[in-house]
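# the following block contains a protein sequence and its predicted model.
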Amino acid sequence: MQVRGLLLLLALILVAAIAEAGKNKKEKAKKDGSECEDWRWGPCVPNSKDCGLGYREGTCKDETKKLKCKIPCNWKKKFGADCKYKFESWGGCSAQTGVKTRSGILKKALYNAQCEEIVYVTKPCSSKIKSKSKGQSPPLLS
């Protein structure tokens, strides 16, 4: 009989602890959350130079928030880090200009960024001739 009473007591303590933990989570959400739903976010502004860690400022009615963000240091694209594109394969090398081109179609605009629907990227043509990979041997002729 004492074992049952002890188990019942433990079960009640466990239920009370779970209920208290759930209440704390709800209270934290109310403190951190905002009732405003129409946030306008600016671009990610790096803390120093033109890449790395930084912040993004958002406004909604009379409220202002700052979020941490990061611009990769190899990201020098004119269309910005908040615009995500699906790119085609590189086109052939133009003999006249010495560059190859590919286009990208907008896939996702983060933080309501103003993004172009289609972007074009160019890069210089490679002067190197690619050799066969070392792991493969040429086909045998019979």
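Happy to help now that I have it.

# what lines up beside the longest strand along the chain in the sheet?
Counting residues, the longest strand found in the chain (DSSP state E) is strand 99-109. With DSSP bridges as the test, strand 99-109 is paired with strand 83-87 (antiparallel), strand 118-124 (antiparallel).

# pLDDT weak spots in this structure?
Where the chain drops to pLDDT under 70, the residues are 1, 5-6, 9-12, 14-17, 19, 21-34, 75-77, 128-142.

# domain ranges for it?
Structural domains assigned to the chain are 40-72, 74-127, following the TED database.

# quick one: which of the ones you listed is nearest V3?
When those are compared by CB to CB, domain 40-72 sits nearest V3, at 52.7 Å. (Glycine included, C-beta is placed from N, CA and C.)

# list the buried residues of that closest one.
Judged by neighbour count using 16 or more other CB atoms under 10 Å, the buried positions of domain 40-72 are W41, C44, C51, G54, R56, G58, C69, I71.

# which of the strands paired with strand 99-109 sits closest to G104?
Taking CB to CB, strand 83-87 is the member of these nearest to G104, at 3.2 Å.

# what does that closest one contact?
79, 102-110, 113, 115-116, 119, 121 (CB atoms under 8 Å, 6 or more residues apart in numbering).

# only the buried subset of those residues, as a ChimeraX command please.
ChimeraX command restricting these to the buried ones, with burial defined by 16+ other CB under 10 Å:
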select :79,104,113,115,119,121
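
# now do the contacts for W41.
By CB under 8 Å, 6+ apart, W41 lies in contact with R56, E57, G58, L67, Y111, N112, A113.

# partner residues bridging the closest residue to D38 other than its chain neighbours?
In this structure, D38 finds its nearest non-sequential neighbour in C60, 5.7 Å apart by CB to CB, 6 or more residues apart in numbering. Residues found in beta-bridge contact with C60 (criterion: DSSP bridges) are E63.

# strands of the chain, residue ranges please.
Taking DSSP E as the test, the strands found in the chain are 40-41, 45-46, 52-60, 63-71, 83-87, 99-109, 118-124.
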